[in-house]
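>>> The following block contains a protein sequence and its predicted model.
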Amino acid sequence: MNFHTRKWVKPGDLNPNGTLFGGKLLAWIDEEAALYTIVQLENPHIVTKFISEINFITAPVQGDVIELGIEVVNFGKSSITLRCVVRNKLTRTDVLIIEQIVMVNLGDDGKPAPHGKTQVEYVRDRLGSRGNLGHRRS
């Protein structure tokens, strides 16, 4: 699993108990899942369809640095299913695990549309012959 996004838990992110507000964390996760899906499916028109049981394991506090990890579980015809792990960056202890987040690819009409993807792709591999982001070497 790759952990790309880090968040610093700040005072405005806390609940009355002094720990990270669960709704704030879920918003971060939904955004991360959306960004991951947009890159994988090469389409900015996606929606969150389903989030499975959310298992909060530990509660981050102010000053903690957490990181969000996303991996693909399955490619459907018009969807992609992801798994998310959030962990404390410094202690590596799990904060939360979500086994399934289903994101759906949309067509121009706003309805589910086939995406044609069957495996994880990396942007660096898509660049292929363009190499080095299209810059010319001198």
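Noted; the coordinates are in hand.

>>> any low-confidence regions in this protein?
Across the chain, the ranges flagged by pLDDT under 70 are 128-138.

>>> what about the strands in it?
Along the chain, counting by DSSP state E, strands occupy 2-8, 46-51, 54-56, 65-75, 79-88, 94-105.

>>> Let me know which of the ones you listed is the nearest to G23.
Between G23 and the strands of the chain, the shortest separation by Cβ to Cβ is 10.9 Å, and it involves strand 54-56. Using the backbone N, CA and C atoms, a C-beta is placed for each residue, glycine as well.

>>> hang on, Y36 packs against I70?
Yes - if you go by Cβ atoms under 8 Å, Y36 and I70 touch, sitting 4.7 Å apart.

>>> Could you tell me which residues touch both of those two?
Shared contacts of Y36 and I70, defined by Cβ atoms under 8 Å, 6 or more residues apart in numbering, comprise L82.

>>> hang on, the earlier thing: including mean neighbour count, could the strands of the chain go into JSON lines?
Shown next, in JSON lines, are these (neighbours: other Cβ atoms under 10 Å):
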{"stretch": "strand 2-8", "mean neighbour count": "14"}
{"stretch": "strand 46-51", "mean neighbour count": "16"}
{"stretch": "strand 54-56", "mean neighbour count": "13"}
{"stretch": "strand 65-75", "mean neighbour count": "17"}
{"stretch": "strand 79-88", "mean neighbour count": "21"}
{"stretch": "strand 94-105", "mean neighbour count": "20"}
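
>>> Just send these back as a markdown table, with distance to N17 too.
Output for the strands of the chain, formatted as a markdown table (distance: least, Cβ to Cβ, whole Å):
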| stretch | distance to N17 |
| --- | --- |
| strand 2-8 | 18 |
| strand 46-51 | 23 |
| strand 54-56 | 12 |
| strand 65-75 | 17 |
| strand 79-88 | 17 |
| strand 94-105 | 15 |
